[in-house]
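Asks: Fold the following, please.
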Amino acid sequence: MKEGITVSEKIEGAGRSRPAPNQEISASLVGIKNFFIALTSKPASALGLFIFIFFLFLAIFGPLIAPYGINEQIVSDAGQPPSPKHWFGTDNLGRDVFSRVVFGAREILTLAGFGTLVAVFFGTTIGLASGYIGGWFDEVLMRIFDGLLAMPLLLLALLLLGTLGPSKNSVLLVIIIVYTPIVARVVRSVVLSVRQRGFIEAARLRGENLAYILFREILPSVLPALAVEAALRFSYAIFLVASLGFLGVGVQPPSPDWGLMVREARNNVNQMPWTMYYPAAAIAIVVIGINLLADGVKRVLLESK
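Replies: From the prediction side, this is the model:
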């Protein structure tokens, strides 16, 4: 009886020690708040966060901000320099450059963001499984990825697009194929360093299945490196989408893709330089901003260890 009471008391004590759901939510909110305070404590990472939020705002509310339609042509205003009526001027077809840059933010951030998200998902899953299982499974996957990564990324993208044909879906698939191996190798390297630790062995002894061990035990240890890698892949994906558009093998006209806008402006750059400068500046600013943000995230995560 005494032993039964003791067990009951232990169970009750364990129940009392478990934090309430509202306490867990409160702790999470405090953690997020502290993370953003630390992130904005340095001017460079604060600037990167501001740039990212600014372009995200443009992507979401672009239709409300842009004074003209994406392909609205005002023939009488064709080739006009920047003015109060057309802040960034107009192109040779009479389209408002400011409106197209604003709409282009949604185009490029959506394409690069979704492609990066899918690449991170597949890369994380493959990296976790490959690093934990090891053996021939790991060897085969890594040799395939080594073959893909042996080629320059832009050349690999061009080869893939030459097979798939130029379109938004093709560019999306290229981002996934190009960046999944890179994410997988980063995740795998972290998994190799933690798979022999005590908490992993304890999970094995408890009889936990593979999915539980990978996603509940190992994944939290991977998240800091994965967060930084995802931010970097996102910035590179934006640059890749713009590069493919500039080369004419990515998103096709009349899309307001920034790289495509730069390509279309080449023939008239001497007469209408503003048609090239503004989309090129948008590409440079957003890529630099996200890289600054990624560096800030890396700094905060390292300091929190």
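Asks: Any regions of the chain where pLDDT drops low?
Replies: Along the chain, segments meeting pLDDT under 70 span 1-31, 305.
Asks: Tell me where the longest helix sits in it.
Replies: When the chain is scanned for its longest helix (criterion: DSSP state H), the result is helix 97-133.
Asks: Can you mark which positions in that helix are buried?
Replies: Buried residues in helix 97-133, counted by 16 or more other C-beta atoms under 10 Å: 97-109, 111-113, 115-120, 122-132. Every C-beta, even on glycine, is put in place using the N, C-alpha and C of the backbone.
Asks: Just name whatever secondary elements the helix or strand just after that helix is in contact with.
Replies: Once the chain leaves helix 97-133, the next helix or strand it forms, by DSSP states H and E, is helix 135-149. Counting by 3 or more C-beta pairs under 8 Å, 6 or more residues apart in numbering; DSSP states H and E, the packing neighbours recorded for helix 135-149 are helix 97-133, helix 168-194.
Asks: hang on, the earlier thing: which helices and strands sit right next to the longest helix of the chain?
Replies: Counting by 3+ C-beta pairs under 8 Å, 6+ apart, the packing neighbours recorded for helix 97-133 are helix 43-65, helix 135-149, helix 168-194, helix 219-247, helix 258-265, helix 274-303.
Asks: For residue 295, see how far away the residue minimising distance to the centre of the chain is.
Replies: Residue closest to the average C-alpha location in the chain (C-alpha atoms, centre = their mean): residue 234, at 3.1 Å. For residue 234, the distance to residue 295 (C-beta to C-beta, to the nearest Å) stands at 13 Å.
Asks: what does residue 236 give?
Replies: On the measure of C-beta to C-beta, residue 236 and residue 295 end up 14 Å apart.
Asks: the more surrounded of these two?
Replies: Legend: neighbour count by other C-beta atoms under 10 Å for residue 236 and residue 295, higher for residue 236 (20 against 17).
Asks: what's near enough to touch that one?
Replies: By C-beta atoms under 8 Å, 6 or more residues apart in numbering, the contact list for residue 236 reads 153, 179.
Asks: For the closest residue to the residue nearest to the centre of the chain other than its chain neighbours, give me its contacts.
Replies: Spatial nearest neighbour of residue 234, excluding adjacent residues (C-beta to C-beta, 6 or more residues apart in numbering): residue 116 at 4.6 Å. For residue 116, the contact set (C-beta under 8 Å, 6+ apart) comprises 175, 179, 230, 233, 234, 237.
Asks: let's see 10 Å
Replies: Listed by C-beta atoms under 10 Å, 6 or more residues apart in numbering, the contact set of residue 116 reads 123, 175-176, 179, 183, 229-238.
Asks: And residue 97, by the same measure?
Replies: Counting by C-beta under 10 Å, 6+ apart, residue 97 makes contact with 68, 80, 82, 86-91, 104, 256, 261, 265, 272, 274-279.
Asks: Determine which stretch of the helices and strands packed on helix 97-133 is the most buried.
Replies: Among the helices and strands packed on helix 97-133, helix 258-265 has the highest mean neighbour count (mean count of other C-beta atoms under 10 Å), at a mean of 24.
Asks: Centre of the chain to that one, how far?
Replies: Offset of helix 258-265 from its chain centre (C-alpha atoms, centre = their mean, to the nearest Å): 23 Å.
Asks: got the angle between it and helix 97-133?
Replies: Here helix 258-265 points in a direction 140 degrees away from that of helix 97-133 (axes from the mean of the first three to the mean of the last three C-alpha atoms, to 10 degrees).
Asks: what packs against helix 258-265?
Replies: If you count contacts as 3 or more C-beta pairs under 10 Å, 6 or more residues apart in numbering; DSSP states H and E, helix 258-265 packs onto helix 97-133, helix 219-247, helix 274-303.
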